[in-house]
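Enquirer: Attaching a predicted model along with its sequence, questions to come.
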Amino acid sequence: MSRFISIPRQALAELLQAVGSPLTPEQYLASLPELGLYAKYRGRARAAAWSKSILLIVAILSALIVPFDFDFEGVIIVAGLATVTFFEFRVHRYFRDLNPAAPTLGFRNQSAFAAAILIYGLYHTVVTFHLSPETQTLIEENNVVDLDMVRNLTRVFYLVIGVVGGVSQFGLAWYYRAARVAEQA
């Protein structure tokens, strides 16, 4: 059922006059946001619902894993995921409630997340994992695996994670932003 009702032009003119508005019915209608614009918010709310659910699962899993491999990088990842998840819950609520601030908040949240993923991937592309000298010697003596190949595959893996993850999150950011009201654009 539509939330909008039809009103005859003359009745609208009388209502505008009764409230002391100097606008004609045509001027009043032209001042309203596009009616179909907020229909975009339902789709964005569905996307944000999926996004917040996935982020919540990943944030909880990373928080459960951090105590077993506690380091500074793990703490930063958990804190970042918790922050992005918190704001994604707000983005979903804003889109659901037709709040015009939703596209901007969603764009900022997902853009920051995209940048973090890209930085993480690029960082690990440059700074690869390090094995202890004893482990390196053991691997080299037994010809278990070629260490240079493992390092190169690790670099490629993190580069793909950074680029694909960053680009996909930035795509979601632009999808959110596309629902902005014309006055804010």
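Expert: Cool, got the structure.

Enquirer: which residues does the closest residue in space to Phe87 that isn't next to it in sequence contact?
Expert: Nearest in space to Phe87, with sequence neighbours left out and distances taken as CB to CB, 6 or more residues apart in numbering, is Asn109 at 4.2 Å. From N, CA and C alone the C-beta is placed, and that goes for glycine too. Taking CB atoms under 8 Å, 6 or more residues apart in numbering as the contact definition, Asn109 lies against Val84, Phe87, Glu88, Val91, Ala173.

Enquirer: list the buried ones in the helix or strand that contains Asn109?
Expert: Taking DSSP states H and E as the definition, one finds Asn109 inside helix 102-126. Judged by neighbour count using 16 or more other CB atoms under 10 Å, the buried positions of helix 102-126 are 102-107, 109-114, 116-118, 120-122, 124-125.

Enquirer: Tell me which other helices or strands the very next helix or strand once past that helix touches.
Expert: Remark: after helix 102-126, the chain's next helix or strand is helix 133-142, criterion DSSP H and E. The contact analysis (3 or more CB pairs under 8 Å, 6 or more residues apart in numbering; DSSP states H and E) places helix 133-142 against helix 147-177.

Enquirer: Not counting residues beside it along the chain, what's closest to the residue nearest in space to the middle of the chain?
Expert: Within the chain, one residue has its C-alpha closest to the average C-alpha position: by CA atoms, centre = their mean, that is Gln110, at 2.8 Å. By the measure of CB to CB, 6+ apart, the closest residue to Gln110 outside its immediate chain neighbours is Ala173, 3.5 Å from it.
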